[in-house]
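K.L.:
Return atomic coordinates for the entry below.
(one chain, ligands or ions: 1)
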Amino acid sequence: MSNSLVLVINSGSSSLKFALIDTVSGESTLSGLGECFGLPEANVSWKINGEKQEYKLDDSGNHHQQAVNRIVALLEELGIKQDIVAVGHRVVHGGEKFTKTVKIDEAVVQEIENLSDLAPLHNPAHAIGMRVAMKAFPTLAQYAVFDTAFHQTMPAKAYIGAISQKLYKEYGIRRYGFHGTSHYFVSREAAKMINKPIDESSFISVHLGNGASVCAIKNGKSVDTSMGFTPLSGLMMGTRCGDLDPSIIEFMLKKGWSPEEVFKELNSKSGLLGVSGLTSDCRGIIEAMENGHEGATLAFDIFTYRVSKYIGSYMVALDKLDGIIFTAGIGENSQPIRSKILENLKIFGYLEDEEANAAARFGNRGIITKPNTPVAMVIPTNEEWVIAKESMALLHA
Ligand code: ADP
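P.N.:
A predicted model of the protein is given here:
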């Protein structure tokens, strides 16, 4: 009987993702998704042996509870419930309170809820997920792993904004950074790839998914990152605008937009989608660009230019650079995006190895620059794995 299974839960406001991770083999033995919570079509689905199974949730409400109850029943049916030793929860925002993974009790859930001001879409939903999981697995230790925690090592010059300190002290307005578990994971894997101890290596990690961020990592620690007070800032993303002159917001408000409309525009209708007028999906952008679509071509150019600018600027945060790491959906798979970024960085000596760049896709890792030139590499991220490992480590601490 295995005693290495950790159930990883990522509870959102209208969805709940779960994955069962074997912390010895590193494999995800089961994963699934509850979605459309609060709507008549609410359901939970999972894949077994490649085959999707779906369970409809009833309209009696509390879909988070119903979904977790169904997951528990599924684990019982599969005869693996007793092999699970811990539950790890992904939490978007730990504020300044949480600098590392913690064991969950009611006081911790309350603290996470208290940070809802900083992450109104995420933290309340995490708290719901934790409470239902605590009910469903009353005997298991549960842990909270924070997206922000890895960035708590940033120096003040990186996290304090150029605004009155009063705003930081009264409201906690500062750079927090996100995607911390991903930047943490890929930098550790990158150090192994180049045979250097992590505390003697420096990387620029480039997480390009629907959300996207760059992180400067010095001796294994985050020293700067492009997402800020919220995940809206920094890079251009699938639907998010990234860095923007704040006066534009006042301008739009004066033009008659409501704050909610402005927020929706910048979060959900901007980025690749807004510029291309076509899609937020990078694959669609590249296909349309290859067919000569102007909006898609401009979206590609802005996206790659901005990533390159961030990489260039983060050289300032480091004494040396052992590698640029590309990860997440776009970073792991898109040869043209990586190729253009490396071309933009040619002033620093980067030279794409076209064959290696073409090969590093669909889960394949590798160095994608020519020998004896500065290193760029592709490393698939694995946030669930980090959450499971951190939970396991605390369980045995
Ligand atoms: P999320 O932030 O939702 O976790 P992902 O890391 O899954 O996002 O990344 C989603 C993005 O990855 C999408 O823009 C998608 O088009 C892109 N992507 C996935 N596979 C490929 C591919 N083969 N080529 C280019 N882009 C890809």
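
K.L.:
Not counting sequence-adjacent ones, nearest residue to Ile163?
P.N.:
Nearest non-adjacent residue to Ile163, counting by Cβ to Cβ, 6 or more residues apart in numbering: Ile173, 7.1 Å away. From N, CA and C alone the C-beta is placed, and that goes for glycine too.

K.L.:
so the one you found touches Gln165, yeah?
P.N.:
No: checked against Cβ atoms under 8 Å, the pair Ile173 and Gln165 is beyond contact range at 9.9 Å.

K.L.:
Between those two, which has more neighbouring residues?
P.N.:
Ile173 (18 against 11; other Cβ atoms under 10 Å).

K.L.:
which residues sit in contact with the more buried one?
P.N.:
Gly161, Ile163, Leu167, Phe229 (Cβ atoms under 8 Å, 6 or more residues apart in numbering).

K.L.:
That one: what secondary structure?
P.N.:
Classification of Ile173 by DSSP: H, G, I helix; E, B strand; the rest coil places it in coil.

K.L.:
for Ile297, helix, strand, or coil?
P.N.:
That one is not Ile; residue 297 is Thr. Per three-state DSSP, the secondary structure class of Thr297 is helix.

K.L.:
Distance from stretch 330-338 to the middle of the chain?
P.N.:
17 Å (Cα atoms, centre = their mean, to the nearest Å).

K.L.:
What's the end-to-end length of that stretch?
P.N.:
Criterion Cα to Cα, to the nearest Å; first-to-last residue distance in stretch 330-338 is 9 Å.

K.L.:
what's it in contact with?
P.N.:
Residues outside stretch 330-338 that contact it (Cβ under 8 Å, 6+ apart) are 206-209, 212, 282-283, 286, 300, 303-304, 307, 326, 352, 357-358, 360-363, 368, 376, 378-381.

K.L.:
go on, stretch 253-264?
P.N.:
Ile249, Met252, Glu265.

K.L.:
Need phi/psi at the last one.
P.N.:
The phi and psi torsions at Glu265 (degrees, to the nearest 10) take the values phi -60, psi -50.

K.L.:
List the contacts of it.
P.N.:
Here Glu265 is in contact with Met252, Trp257 (Cβ under 8 Å, 6+ apart).

K.L.:
Quickly note the distance from it to Leu273.
P.N.:
11 Å (Cβ to Cβ, to the nearest Å).

K.L.:
Now render the contacts of Ile173 as a markdown table, adding secondary structure, neighbour count and distance to the ligand.
P.N.:
Shown next, in a markdown table, are the contacts of Ile173 (DSSP: H, G, I helix; E, B strand; the rest coil; neighbours: other Cβ atoms under 10 Å; distance: Cβ to the nearest ligand atom, whole Å):
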| residue | secondary structure | neighbour count | distance to the ligand |
| --- | --- | --- | --- |
| Gly161 | coil | 13 | 25 |
| Ile163 | coil | 11 | 29 |
| Leu167 | helix | 13 | 29 |
| Phe229 | coil | 16 | 19 |
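
K.L.:
Name all residues that make contact with the residue in the chain positioned nearest to the ligand.
P.N.:
Closest approach between the chain and the ligand, counting by Cβ to the nearest ligand atom: Gly329, at 2.0 Å. Contacts for Gly329 (Cβ under 8 Å, 6+ apart) come out as Leu208, Gly209, Asn210, Cys282.

K.L.:
Would you mind listing what in the stretch 251-397 of the chain touches the ligand?
P.N.:
Asp281, Cys282, Arg283, Ala328, Gly329, Ile330, Asn333, Ser334 (Cβ under 6 Å from any ligand atom).

K.L.:
dump the residue contacts of the residue nearest to Thr225 when sequence neighbours are not counted.
P.N.:
Leaving aside its chain neighbours, Thr225 sits nearest to Gly177 (3.7 Å; criterion: Cβ to Cβ, 6+ apart). Applying Cβ under 8 Å, 6+ apart to Gly177 gives the contacts Thr148, Phe150, His151, Met154, Tyr159, Ser213, Cys215, Ser222, Thr225, Ser226, Met227, Gly228.

K.L.:
try 10 Å this time
P.N.:
For Gly177, the contacting residues are 147-152, 154, 158-159, 183, 213, 215, 222, 224-229, 231, 233-234, by Cβ atoms under 10 Å, 6 or more residues apart in numbering.

K.L.:
again with His293
P.N.:
With contact set as Cβ under 10 Å, 6+ apart, His293 has these partners: Ser276, Gly277, Leu278, Gly284, Ile285, Glu287, Ala299, Phe300.

K.L.:
Go through those and name the one nearest Asp199.
P.N.:
Phe300 (37.0 Å; Cβ to Cβ).

K.L.:
can you pull the contacts of that closest one?
P.N.:
The contact partners of Phe300, by Cβ under 10 Å, 6+ apart, come to 272, 275-276, 282, 285-286, 288-289, 293, 334, 336-337, 340.

K.L.:
one more time with 7 Å, if that's ok
P.N.:
Contacts for Phe300 (Cβ atoms under 7 Å, 6 or more residues apart in numbering) come out as Ile285, Ile286, Met289.

K.L.:
Name the member of these with the most neighbours.
P.N.:
Within those, neighbour counts (other Cβ under 10 Å) peak at Ile285, which reaches 29 neighbours.

K.L.:
Not counting its neighbours along the chain, what's nearest that residue?
P.N.:
Ala296 is the one closest to Ile285 (Cβ to Cβ, 6+ apart), at 4.8 Å.
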